[in-house]
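# 3D model of this:
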Amino acid sequence: LVEIFDYMAGMVPFIQKLIDDKKDGLQLNAKMTHDSVVALSELRDFMIVDSLPCKNRQKLMRNLRIVELLVRLLQIPFRGTSDQHHLTRIFVEAYDVLYTYLMGDSRKNELYIAKYIDFFLSQFEYKEGMIGLNSAHMVMELIKDNRKIVDRITTDHIDKFVELLRRDKNYRYLDLLKVLCVCDGVSIADNQKYITEVWLMKGNRNCVFYTDLGQKIGKEKGVVYVSTNTGRTWKELSEFAKKSSSHDDMYLFLEHQLELFGYLCNGQNDFAIKVITQELNYLTWDEAFTCLSDERLPDELRAQYCDLIITMFVNVGDNHSVIDRVKLTYNYDEIDDQEDLADLSHSITSKYFPTLSEWIAKFLGQNSDMTASEIGNNKLVKQVLRLVHFLVAFGFYQSTEDIMNLLEPLMSLIDGRNDKPYPVIPPGKEGEEVLKNFRAVERYSPSQETQAVTDAKCQALEVLDLFFNFIFNVRLEKFINAFKLTHTAANR
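Now for the predicted structure:
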């Protein structure tokens, strides 16, 4: 603890001297800038321990007033100065430090820096060295899941964010809009509606990537295409995803656009769902299902489309949960030997369910074990199991036969004896040692691979819990009916 404090305390005079030197008119050179950038990047990395933000180290940023020093540093005028390029590099790094300070879920950290939010919002306009983008990225982390700060963002701010998005199609602006739609799992309907209107419905809509099925645009049938220039040219989505890396800004924009679609529709927001899926056809059922079932697409992208199917076509206003809990009370006069099936004819999901259930059964049959190294596939498995959870809860799996067909792959999926570290295990003694070490040690070590496996297994357990509720309800109803028949016969 003493060493941690000493390190953070050592940054105070360094940043203070940099601020004082600039006030005295000192012009930065390449060496001074390099030293400053390295020091700030080390401070940023120091707050991360084992790939996770360390709250105790972030707390020292408050207690030693390093946050205030960084804000004072960022307030130094730099446009038109002879060392503008050098200051820009330092400012970009300073925003990265503040972003790392806000990572995690510390309300104290967020509220402490919130007093400067108006200043940070004023920085969005700067194009020099990505200062504006880094500022937006940092503000996004500040706003996320903090209702007190979200409520301070007005429609004028949203207009400004959308205008910036029109000028520069960057995914960080999409993230800013995203955190205004849902806060701590609670949808903010007013923001969802307003963002849908100003982003998707007004203007020339040049800040959206278009996707569509080939048969609608004169291309190959049954293939999804993407356009990054408002429909002037089209490219196969699988090729677009293959040639773009996870760090490619164009691909990231598409990913974050799909995330924002989901956040706009979260909480059964009928207005946004109707605009996106029907009025403007940004994402139709056929397109979403085609992407979910297309094995040429990256697994993580398919997982996003699965999440969108849940949000836009399953967890919608027509559906409500029928078996999220065990049913313990019955109307004695209404008990008979007929199964009590939910009437789903009015639900929009009912027309998609036959196709969806067939694909789910096939997919789970092919993924009845967990491979730790395939993080994307494990995320896809988790989303498919979320989809199953909603379908079961809403009563679409109504027969015991349907449930029994899913039980076998689910039981196999949660069985740790089937887990393996890699898709192909070498034969012989070497392979046995690899499996033994993985199952005894590696599968319990915190990592991205372990997290993805655990998330999928927990989701499978939630589905099983619903299945048990369903089976218990059926058996209890049959038992009460048998009792009623016996009691009635005995009292004739």
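# pLDDT weak spots in this structure?
Low-confidence segments of the chain, defined by pLDDT under 70: 244-246, 324, 339-343.
# change it to 80
Low-confidence regions of the chain, defined by pLDDT under 80, span residues 1, 129, 203-205, 243-247, 323-327, 336-345, 398-400, 492.
# now do the SS call for the residue nearest in space to the middle of it.
Residue closest to the average C-alpha location in the chain (CA atoms, centre = their mean): Glu259, at 6.4 Å. Counting by DSSP: H, G, I helix; E, B strand; the rest coil, the backbone at Glu259 sits in helix.
# and it, how far from Ser51?
Noted for Glu259: a distance of 22 Å to Ser51, by CB to CB, to the nearest Å. All C-beta atoms are positioned from the backbone trio N, CA, C, and that covers glycine.
# check Glu401 too.
Taking CB to CB as the measure, Glu401 falls 45 Å from Ser51.
# A strand includes Val226, no?
Yes. Using three-state DSSP, the assignment for Val226 is a strand.
# in the sheet, who's paired with it?
Taking DSSP bridges as the rule, Val226 bridges to Thr211, Lys235.
# for it, the count of nearby residues, please.
Per other CB atoms under 10 Å, the neighbour tally for Val226 reads 20.
# what about Ser51, how many neighbours?
8.
# with Asp307 instead?
Residues within reach of Asp307, counting by other CB under 10 Å, total 21.
# C-terminal to the helix or strand containing it, what's the next element?
Per DSSP states H and E, Asp307 falls inside helix 299-309. Counting by DSSP H and E, the next helix or strand C-terminal to helix 299-309 is helix 353-366.
# any idea of the angle the longest helix along the chain forms with helix 353-366?
In the chain, taking DSSP state H as the definition, the longest helix is helix 448-490. If you take axes from the mean of the first three to the mean of the last three CA atoms, to 10 degrees, helix 448-490 sits at 120 degrees to helix 353-366.
# quick one on the thing from earlier: please name the nearest non-neighbouring residue to the residue nearest to the centre of the chain.
Using CB to CB, 6 or more residues apart in numbering and skipping the chain neighbours, the partner closest in space to Glu259 is Lys178 (6.1 Å).
# can you give me the strands for the stretch 151-300 of the chain?
182-183, 186-187, 210-213, 224-227, 235-236 (DSSP state E, counting those that start in this stretch).
# same deal with the stretch 1-150 of the chain?
48-49, 52-53.
# would TSV of the ones you listed with distance to Leu26 and mean neighbour count be doable?
Below are those laid out as TSV (distance: least, CB to CB, whole Å; neighbours: other CB atoms under 10 Å):
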stretch	distance to Leu26	mean neighbour count
strand 48-49	32	13
strand 52-53	33	14
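# what's the closest of those strands to Phe479?
Closest to Phe479 of these is strand 52-53 (CB to CB; 49.8 Å).
# direction included, what does the closest one pair against?
Sheet pairing for strand 52-53, using DSSP bridges, gives strand 48-49 (antiparallel).
# now the strands of the stretch 151-300 of the chain as CSV including distance to Asp286?
Formatted as CSV, these follow (distance: least, CB to CB, whole Å):
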stretch, distance to Asp286
strand 182-183, 27
strand 186-187, 26
strand 210-213, 6
strand 224-227, 9
strand 235-236, 16
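# before we move on, back to that, can you name every helix or strand that the helix holding Asp307 contacts?
helix 249-265, helix 285-293, helix 375-393 (3 or more CB pairs under 8 Å, 6 or more residues apart in numbering; DSSP states H and E).
# list the buried residues in stretch 464-475.
Neighbour counts over stretch 464-475 (16 or more other CB atoms under 10 Å) mark 464, 466-467, 469-470, 473-474 as buried.
# what is the nearest of these to Ile153?
Using CB to CB, the buried residues of stretch 464-475 come closest to Ile153 at Leu466, 37.4 Å.
# related to what we said a few turns ago, CA atoms only: put the helix holding Asp307 into PDB for me.
Written as PDB, here are the backbone C-alpha positions of helix 299-309 (Å, rounded to 0.1, in the frame of the first residue of the first chain):
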ATOM      1  CA  ASP A 299     -19.600 -15.800 -33.800                       C
ATOM      2  CA  GLU A 300     -19.700 -12.500 -31.800                       C
ATOM      3  CA  LEU A 301     -21.600 -10.800 -34.700                       C
ATOM      4  CA  ARG A 302     -24.100 -13.600 -34.800                       C
ATOM      5  CA  ALA A 303     -24.500 -13.300 -31.000                       C
ATOM      6  CA  GLN A 304     -25.400  -9.600 -31.500                       C
ATOM      7  CA  TYR A 305     -28.100 -10.500 -34.100                       C
ATOM      8  CA  CYS A 306     -29.400 -13.200 -31.600                       C
ATOM      9  CA  ASP A 307     -29.700 -10.400 -29.000                       C
ATOM     10  CA  LEU A 308     -31.500  -8.200 -31.500                       C
ATOM     11  CA  ILE A 309     -34.000 -11.000 -32.300                       C
END
